[in-house]
Each structure stands twice: as structure tokens, then as C-alpha cells.
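Novice: my questions concern the predicted model and sequence given below.
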Amino acid sequence: MWAIFAIPATGVSFFISAWLLMLFWGILAPDVGVKTISYWQAVLTTLALWIVVAPLIGAVVRMRLSLNWSWRRERL
């Protein structure tokens, strides 16, 4: 039942992540010497990061689960 809320929660967290990226980029940009970015540029950057990072996290989780499962099988 809780899976129904997974997609909306993911969408909300995506847009909040983009908003936070825009805010922190705006805070750090003058110190680093780069231009600030708009919200839509932050959305594109967040999308690119999610496309790269999500499969990596999935691979790590699958690896840990398979190692955990094989360890339990050897113990039995």
C-alpha cells in the first residue's frame, strides 16, 4: 500500500532537490566567481545527477543484498 506514495514522494523530493541546489549555488557562486543559475537550470542539473547517481545506488544496494543473501545461505 505504501508503494502508492513512492512516485509522488519522488517527484516532490526531486523538485525540492533542484530548489536547494539553486539556493546553495546562489550562496556559493559569488565566493567561487561563477554566475548564479536559474531554477530550470537547477532542475536540469538535478535531473542529470539523478540519472547518473540512481543506477549507482541501485547497483550498490543489489551488491549488498546479494552478499548478505550469500552469507546467510552459507551459514545455514
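Specialist: Here it is on my side, so go on.

Novice: from now on I want contacts and neighbour counts done on CA atoms only, so please keep to that.
Specialist: Noted.

Novice: quick check: longest helix in this structure by residues?
Specialist: helix 39-75 (DSSP state H).

Novice: tell me how far it lies from the chain's centre.
Specialist: Computed by Cα atoms, centre = their mean, to the nearest Å, the chain-centroid distance of helix 39-75 equals 9 Å.

Novice: same thing with stretch 19-28?
Specialist: Worked out by Cα atoms, centre = their mean, stretch 19-28 lies 16 Å from the chain centre.

Novice: so which bits of that stretch are buried?
Specialist: Going by neighbour count (16 or more other Cα atoms under 10 Å), the buried part of stretch 19-28 is W19, L21, M22, L23, W25, G26.

Novice: tell me who's in contact with the last one.
Specialist: The reference is to G26. The contact partners of G26, by Cα atoms under 8 Å, 6 or more residues apart in numbering, come to T36, I37.

Novice: how far away is it from T36?
Specialist: G26 is 5 Å from T36, where distance means Cα to Cα, to the nearest Å.

Novice: by mean pLDDT, flag the weakest helix or strand of the protein.
Specialist: The weakest-scoring helix or strand in the chain, judged by mean pLDDT, DSSP states H and E, is helix 39-75 (a mean of 82).

Novice: which SSE is the residue nearest to V43 when sequence neighbours are not counted in?
Specialist: Spatially, and ignoring its direct neighbours in sequence, V43 is nearest to A18 (5.0 Å; Cα to Cα, 6 or more residues apart in numbering). Assessed by DSSP states H and E, A18 sits inside helix 6-32.
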